[in-house]
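**Q** okay, sequence plus prediction incoming.
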Amino acid sequence: MALARENHWVANLESKLSDVVGDRTSKVLADAFGITSVGDLMRHYPRRYMVRGELSNIAELQEGDEVTILAEVHSSANRPIRGRKGSILEVIVTDGSDKLSLTFFNQAWREKELKAGTQGLFAGKVGVFNNKKQLAHPDYQMVPDGADVDSAVDSFAGKYLPVYPATAKLPSWKISQCIGMAISSLDDLIDYLPDEIRSAHNYPTLQQALVQLHTPADLEHADSARERLTFDEAFLLQLMLVMRRNELKKLNTISRTTIKGGLLEAFDASLPFQLTGGQLAVITEIEGDLAQPHPMHRLLQGEVGSGKTVVALRAMLAVVDSGGQAALLAPTEVLAAQHLRTFQKLLGPLAQGGTLGSADKATRVTLITGSQTAPARKEALSLAGNGGAGIIIGTHALLGEKVEFNDLGLIVVDEQHRFGVEQRDALKVKAAKPPHLLVMTATPIPRTVAMTVFGDLDVSTLRELPLGRQLITTHVIAPLEKPAFLERAWERIREEVAAGHQAYIVVPRIEAGSDESADIDFLFGQESADITSVTELAPRLARGALKGLRVGDLHGRQSSEVKDSTMRAFAAGEIDVLVSTTVIEVGVDVANATVMVIMDADRFGVSQLHQLRGRVGRGASAGLCLLVTSALAQTPARVRLDAVAATVDGFELSRIDLEQRREGDVLGASQSGTQSHLRLLRVLRDEGLIETARADAEAVIAASADLTSYPALAAEVALLARDAAIDYLDKG
Ligand code: ADP
Ligand code: MG
C-alpha cells in the first residue's frame, strides 16, 4: 500500500502499481507484461538507450520492422484528400541525411505539436508507399528541448532516453513516464545486499542502481547499475542453491561405509585394468560422501569414455556391502541392457548371488525396463522388493508404482541431461531414508553453467581418459563439393572391416519422414525431404558399396528384443557395420568399433556429434569419424562441423553448443522456476560474475547459515525459492 506523506504518495517495491500510475495504465501494464507491483515495474529494464541529439539511422529501417526512433521534424504539410472528404497531414522527419514520412489522417491539429526543428521519439511499423518509407499514424513523444526541461516528465529530462520492451498500446516512452512516476514516489528502499559485499564491489545501492538504470546520468552509471543488478540475480540464485545444498546435507540417512573382505574388495582384485588417477580421486570423494550419515548429492561429469561407469559401479558395490541396494537409472533400453552386460562381465561370479556354488559375498544384478516380458518383470520386481538383487538397473520403468525396494541406499542417474529433477525425485521417494545420489553426465558443461544448473550438487570431474585410449580423428566430407570422398568413406569402412574391426553409420532418421534426433527440432525447426534414413540406407549399402559385409540396423522403433539381440551381435563381432539412429548416442561401448560415418551430420548438435564419435576409438586402435554433409562451406552448419572436427575437448565443444542455445535451453528444466528472476544474467557471458557471486554466497552462508543476520536478504531469497518451488510443483 502506498501511504500519503507530505502531500504525495510514498511507495515501496511491494506497493500496488495502480496506487502510483492509476487503474487504467496499471491494467495496460498488467496485460502487456504481467506487471502488477511497483517492484515489477522497476524491474522492467531498458534494452538500451537513445541519446538525445543522436538521431536514429533512417537508412537502416526495414519494411515491416516495429521501430522506435529518435528523429527531427524537417517539415510538415496538411492537404485535402483528392475526391474525398478529410485531409492528410504528412510530416517529414530526418536523421540529418535520410528522410522518413509520417502520415496522419484528419489530424491537422498535430501540426502544432510537430514543429520543424524539434526532436521526438516516433514508434510504429515501417511501411512503404510510393517507394518511400513511412510510418502511418505513428505514436510519438516530442522530446523537450533545453528550455522545457523543467516542465518535462522526469524520465525525459536526461540525456539518455531508455528504450523498453514495448507494445503497440504501450510505447517505450509511456513506460518511461510510468517509471518516472514510480521513481518520484519511491520511499527509501532497504538494500538487501549486505553492505560489505556492496562496498567490496563498489556497487551502487539498490535504490541508486534502479534509478540509474532507468534514468542514467551517464553511461558509466548505467553500466554499474546494470552490473550490480546482474550480480544480484547471480548472488540470490547461488544463495538459494547453496542453502538448498546445505539443507540436503542436514538430512539424516544411513552411512554406507566400505567393509573389509567385502564385495568391493573382491571386485577391485578382479578388475582387469588399473584405475586412472582421476577415477581414484573421484572414488575417494564418493566414498567420503557415502560414509556420512547425510545423503550424498554429487554430479560426476566426465569426458566421453573417461570411465564413469566403473566409478559408479564401485559406489554401488560399497552400498551393497553395507547391506543396501543401489539403482541405476539409464535413459534408453539399449544403454540399460548394456550396463547389465557390463556389470555382469565385470562382476563375474560376484553377480551370481543366491545361485548354487556362488561366492558368499556375491549379489545379484537385475534389469527393469518397460518392454520386458511379464515373467522377467515379475522376477525383477521381486528381486528388487525382497533385496535379493543388490543392483537394479532400469529405464524410466524404474519409476513405476509397482517398483519397490528392500533398502534403497544409492541412486545413480546415468546421462543426467536426459532426465529432469522430477525423475530423480520420483525414485528418491522409494527409499525409506533419503538415499545417496550420484548423477553422471558425459556432456561436460562449463563450470559456471554447472554452478547455475546443478548448484545444489557437489561436482566431481573426470578429465583424463584411461591410458591407452585412442585418438579420434574427425573429417568433414562434403560430397557436393568432392563426390569421390563419399566413395572413399565406404572404402575406409571396408578396410577397417578387413582389418578385423567394425563400423557405425549414423543417420538422422528411421525412415523417410521420421525423426529420432532430439536436437534437430530446436536447432532447425524445419523438415527436409532428402534426409538419409536407416531403412533406406542399410539395404542400399548392403547391396552396393558394402556388399559382402554383414550390415545390421538399429533404431528406436524396433522391439527391445530386436534391439538387444542386434547390440549383442554387434558386440560379439557378428555384425560388421551397424546402421543406426542416435539410439547409440549415449554410452554404447564396443571396443572393436573403429570407424563411424555420420550422414547428414549437420542435422545433429555439436555435443551430440561429440557423444556419437565417442563410440569409436575405445579399444586398442585409433578411431576415425567422418561427418558427411551437404551444408556448404562457410555456412553456420558447416562451421559447426568444422569446429567438431577441430577439437576433441568436450568442454570447449559444449561451450560452442551452449552459445547457440537460448538462455532458457542453457539453464534447462531444472532452473525454469527461477527464470523469471533472471532478467539480466547470461550464464555464459557472465561467468566472472557468477564465480564471484558463488564465492560471496558461500561466505555469507558460512557467517550466517540461515541468513538470520541478513533479514532483508533472507526475504529476497525466500521469494526466489518460492517461485522455483511453485514451478516445480506445477510440473510434478
Ligand atoms: P563413459 O565415462 O563415457 O561412460 P565408460 O564408463 O563406458 O565411459 O568407459 C569406457 C570404457 O573404458 C569401458 O570399456 C571401460 O571398461 C573402460 N575403462 C574404464 N576405466 C578404465 C581404466 N582405468 N583403464 C582402462 N579402461 C578403462
Ligand atoms: Mg557412460
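**A** Arrived safely. Ligands and ions are numbered 1, 2, ... in the order given.
**Q** pLDDT value on the residue of the chain most remote from its centre, please?
**A** Note on the chain: the largest C-alpha distance from the chain mean falls to residue 83, namely 60.4 Å (Cα atoms, centre = their mean). Residue 83 carries a pLDDT score of 81 in this model.
**Q** kindly export the longest strand along the chain (C-alpha atoms) in PDB.
**A** Assignment by DSSP state E gives strand 66-80 as the longest strand of the chain. Provided in PDB are the C-alpha atoms of strand 66-80 (Å, rounded to 0.1, in the frame of the first residue of the first chain):
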ATOM      1  CA  GLU A  66       8.400  -2.300 -35.400                       C
ATOM      2  CA  VAL A  67      10.600   0.600 -34.500                       C
ATOM      3  CA  THR A  68      11.100   3.400 -32.000                       C
ATOM      4  CA  ILE A  69      13.300   6.100 -33.500                       C
ATOM      5  CA  LEU A  70      14.600   9.400 -32.500                       C
ATOM      6  CA  ALA A  71      14.400  11.900 -35.300                       C
ATOM      7  CA  GLU A  72      14.000  15.600 -36.000                       C
ATOM      8  CA  VAL A  73      11.000  17.200 -37.700                       C
ATOM      9  CA  HIS A  74      12.000  18.600 -41.100                       C
ATOM     10  CA  SER A  75       8.800  19.900 -42.500                       C
ATOM     11  CA  SER A  76       5.000  19.300 -42.400                       C
ATOM     12  CA  ALA A  77       2.200  19.800 -44.800                       C
ATOM     13  CA  ASN A  78      -1.600  19.300 -44.500                       C
ATOM     14  CA  ARG A  79      -3.600  18.800 -47.600                       C
ATOM     15  CA  PRO A  80      -7.100  17.700 -48.600                       C
END
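**Q** these two touch, right, residue 451 and residue 694?
**A** Yes: counting by Cβ atoms under 8 Å, residue 451 touches residue 694, with 5.6 Å between them. To be clear about C-beta, it is placed using only N, CA and C from the backbone, and glycine gets the same treatment.
**Q** any shared contact partners between the two?
**A** Overlap of the contact sets of residue 451 and residue 694 (by Cβ atoms under 8 Å, 6 or more residues apart in numbering) consists of residue 238.
**Q** sheet partners, orientation included, of the longest strand of the chain?
**A** strand 87-94 (antiparallel), strand 119-129 (antiparallel) (DSSP bridges).
**Q** identify the residues contacting the last one?
**A** For strand 119-129, the surrounding residues in contact (Cβ under 8 Å, 6+ apart) are 50, 52-53, 55, 61-73, 93, 101-103, 114, 133-143, 145, 161, 166, 171-173.
**Q** out of the residues you listed, which end up buried?
**A** By the neighbour-count criterion of 16 or more other Cβ atoms under 10 Å, the contacts of strand 119-129 include these buried positions: 50, 52, 55, 61, 67-73, 93, 101-103, 114, 133-135, 138-143, 161, 166, 171-173.
**Q** which ones among the residues you listed lie within strands?
**A** 50, 67-73, 93, 101-103, 133-135, 139-143, 161.
**Q** now for residue 219, how many residues are close by?
**A** If you count neighbours by other Cβ atoms under 10 Å, residue 219 ends up with 12.
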